[in-house]
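J.: pasted the sequence and its predicted model underneath.
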Amino acid sequence: MRQRNRGRVALAAVAAMCAAAALPGQAFAAGEPAAYTFDPGAEKVVGTEVSTEASALTPGSVYKSSIKPGEKLYYRLNLDARTNAYVSAVAVPRGGGQVAYGDGITVSIRDSTDMQCSSDDARFESAEFPRPIATYAYRIMQKDSSTCQEAGTYNVLIERESKETSAPDEWDLELRYESEPQLKSAGSMRTEAPEDWPSASPTPPTTAPQKRSGGTSYYDATGLETGEWQEKGGIKPGQTLFYRVPVDWGQQIFATADLSNNNASDEFIGNALAMSLDNPAHGHVDSATPLSYSGKPASVSLDPLPPVAYENRYDSTGSVSAMRFAGWYYLSVTLSPAIAKSYGDKAIPLTLKVKVEGKARNSPYTGDAGDFSVTQDDKDMAKSGQSGPQAARSDTMKTVGAAGIGAGSVLVLGLGVWTLLARRRASTAPAGPSGGEQSYGGPPQAR
């Protein structure tokens, strides 16, 4: 039995090590910007053009799908009459493709009569170069509403619009379905958005810049906290880098991206760098005005946003409404591929200045709020610069270490017990017969 148990512990340790090694990292093709890293747990799902044939999505799950120009694809939700549901879609154009102003996707949730619960879109505007773009739709429960409040089957409809001049390739889709936690006391919550809040940009961080390497997607986004952060490898033309910042209830986030000079040219590029902010449900919050570049240092900032508050959802302004949850907020920065024509394909130094202001308030949710909360582990990951996969690897290796120590201890203990028993048997065994046969389990008998 001890042998079998030791084998199981050893196998568990090896399996954990293999699992750690299998976690995906940032995948760079030689000389090319990193590709988008999809969540390895994403289940493949095919959208249908007929709503009654749509596949059902499960709360807390991630899916990978795709959509062609002009397609309208359906997915199904089975909702109760008490839970707020959010479905987000990240559209990922294929590398090297062409997009035009107005290209994008629209996501909506609809009831069985095709009544729209909510709808939002993600579109390429003046920064007309391919990069991941995200948006979401939701069904929320409201006392004074009669729309989309019943339990039953709902449809998620994703529509893609592309100009004739755009690349006709499929876009990959990463879909997420999240359920919002229940409130501690719904009756005591405000149902009006705040009318005013601190809108002045704070003094930028004055700490010495530290180096961090951005991720390639929401899945492996690099953790940041208040401070000044230099991208370790710079940013290459056409590359998108992802970062994430924990923002708790009552806190505001401010962010600025600085692009360093490049002496290779002084050519003016009108929309050289795009910066975007998305919330914990991967709903779009706001984008900075695309940065112009002419070889000199340049900077762009997000507009001031309100503190995170549940009641922000009642505001008609999208950027305010999206600041409705605590959790990880995602910053993405993309450098236009057009930069390479005038400045070469080498990376340009990039610095992010991030500041989170305000005292954290209590969560309005009951129980564990999951992705819609900020934990001490989240703060530790932001401080150390860990992404989700890195944190998972670290936890796995701790488990492997503990399993290794446990297996070693069991082995040493087992050998010690075996030796003790052997000695006891030797001291109590009768003398062997004169024929010279020895007793098993003890030393040879003297002849």
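T.: Received it, and whenever you're ready, just let me know what you need.

J.: contacts and neighbour counts: CA atoms only from here.
T.: OK.

J.: tell me, how many residues neighbour the closest residue to P132 other than its chain neighbours?
T.: Excluding the flanking residues, the one nearest P132 by Cα to Cα, 6 or more residues apart in numbering is V92, at 4.6 Å. Applying other Cα atoms under 10 Å, we find 21 residues neighbouring V92.

J.: wait, V92 sits on F129?
T.: No - taking contacts as Cα atoms under 8 Å, V92 lies outside contact range of F129: 11.7 Å.

J.: give me phi/psi at the residue nearest to P132?
T.: Dihedral pair for V92: phi -120, psi 100, per degrees, to the nearest 10.

J.: tell me the bridge partners for it.
T.: Taking DSSP bridges as the rule, V92 bridges to D172.

J.: for stretch 48-57, the averaged confidence score.
T.: Mean pLDDT, stretch 48-57: 97.

J.: who's in contact with that stretch?
T.: Identification of contacts with stretch 48-57 by Cα atoms under 8 Å, 6 or more residues apart in numbering yields 45-47, 71-78, 155, 177.

J.: for G96, which non-adjacent residue is spatially closest?
T.: In space, G96 is closest to P130, 7.7 Å off (Cα to Cα, 6+ apart).

J.: count of neighbours near the one you found?
T.: 23.

J.: show me where the stretch 101-250 of the chain has its strands.
T.: Secondary structure of the stretch 101-250 of the chain (DSSP state E, counting those that start in this stretch): strands located at 104-110, 116-123, 133-139, 152-161, 171-179, 210-212, 222-223, 227-231, 240-247.

J.: right, and those - which one's nearest E195?
T.: strand 240-247 (20.7 Å; Cα to Cα).

J.: and that closest one, C-alpha only, in PDB?
T.: Output of strand 240-247 as PDB, limited to C-alpha atoms (Å, rounded to 0.1, in the frame of the first residue of the first chain):
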ATOM      1  CA  THR A 240      -0.800  45.000 -29.300                       C
ATOM      2  CA  LEU A 241       0.200  44.700 -25.600                       C
ATOM      3  CA  PHE A 242      -2.200  44.000 -22.700                       C
ATOM      4  CA  TYR A 243      -1.900  45.000 -19.100                       C
ATOM      5  CA  ARG A 244      -4.400  44.700 -16.200                       C
ATOM      6  CA  VAL A 245      -4.900  46.800 -13.100                       C
ATOM      7  CA  PRO A 246      -7.000  45.900 -10.000                       C
ATOM      8  CA  VAL A 247      -9.500  48.700  -9.300                       C
END
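
J.: that older thread, could the strands of the stretch 101-250 of the chain go into a markdown table alongside mean neighbour count, mean pLDDT and distance to A264?
T.: Below are these laid out as a markdown table (neighbours: other Cα atoms under 10 Å; pLDDT from 0 to 100; distance: least, Cα to Cα, whole Å):
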| stretch | mean neighbour count | mean pLDDT | distance to A264 |
| --- | --- | --- | --- |
| strand 104-110 | 24 | 98 | 34 |
| strand 116-123 | 19 | 97 | 32 |
| strand 133-139 | 25 | 98 | 30 |
| strand 152-161 | 21 | 98 | 37 |
| strand 171-179 | 22 | 98 | 34 |
| strand 210-212 | 16 | 96 | 24 |
| strand 222-223 | 28 | 98 | 30 |
| strand 227-231 | 20 | 96 | 20 |
| strand 240-247 | 27 | 98 | 22 |
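
J.: now those strands as TSV including distance to E267?
T.: Converted to TSV, the strands of the stretch 101-250 of the chain look like this (distance: least, Cα to Cα, whole Å):
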stretch	distance to E267
strand 104-110	29
strand 116-123	27
strand 133-139	27
strand 152-161	32
strand 171-179	32
strand 210-212	28
strand 222-223	32
strand 227-231	24
strand 240-247	22
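
J.: right, so of these, which gets closest to S61?
T.: Here strand 171-179 is closest among these (Cα to Cα), at 5.8 Å.

J.: contacts only, for the nearest residue to A309 once chain neighbours are set aside.
T.: In space, and not counting its chain neighbours, A309 is closest to R324: 5.3 Å by Cα to Cα, 6+ apart. Residues counted as contacts of R324 (Cα under 8 Å, 6+ apart) are 308-313.

J.: same thing but at 6 Å, please
T.: 308-310, 312-313 (Cα atoms under 6 Å, 6 or more residues apart in numbering).

J.: in what helix or strand does it lie?
T.: Under the criterion DSSP states H and E, no helix or strand holds R324.

J.: ramachandran angles for it?
T.: Here is the backbone geometry of R324 (degrees, to the nearest 10): phi -110, psi -10.

J.: and it, what pLDDT?
T.: Reading off the model, R324 has pLDDT 97.

J.: my guess is Y154 contacts D111. True?
T.: Yes - using Cα atoms under 6 Å, Y154 is in contact with D111, at 4.6 Å.

J.: that older thread, distance check, the residue nearest to A309 against D315.
T.: 10 Å (Cα to Cα, to the nearest Å).

J.: could you do L335 as well?
T.: From L335 to D315 the distance is 32 Å (Cα to Cα).

J.: settle it for me: which of these two has more neighbours?
T.: L335 (28 against 17).

J.: correct me, but that one touches P237?
T.: Yes - L335 lies in contact with P237 (Cα under 6 Å); the separation is 5.1 Å.

J.: tell me the bridge partners for the closest residue in space to K211 that isn't next to it in sequence.
T.: Leaving out its chain neighbours, the residue that sits closest to K211 by Cα to Cα, 6+ apart is Q230, at 4.7 Å. Q230 has these beta-bridge partners by DSSP bridges: K211, T351.

J.: so which helix or strand of this structure has the lowest pLDDT on average?
T.: Least confident helix or strand, the chain: helix 2-22 with a mean of 39, by mean pLDDT, DSSP states H and E.

J.: after that helix, next one along is what?
T.: strand 43-44.

J.: can you name every helix or strand that the next helix or strand after that next one contacts?
T.: On the C-terminal side of strand 43-44, the closest following helix or strand by DSSP H and E is strand 61-67. Applying 3 or more Cα pairs under 6 Å, 6 or more residues apart in numbering; DSSP states H and E, we find strand 61-67 packed against strand 43-44, strand 171-179.

J.: reformat those strands as TSV; add distance to G283.
T.: TSV is the format used below for the helices and strands packed on strand 61-67 (distance: least, Cα to Cα, whole Å):
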stretch	distance to G283
strand 43-44	20
strand 171-179	10
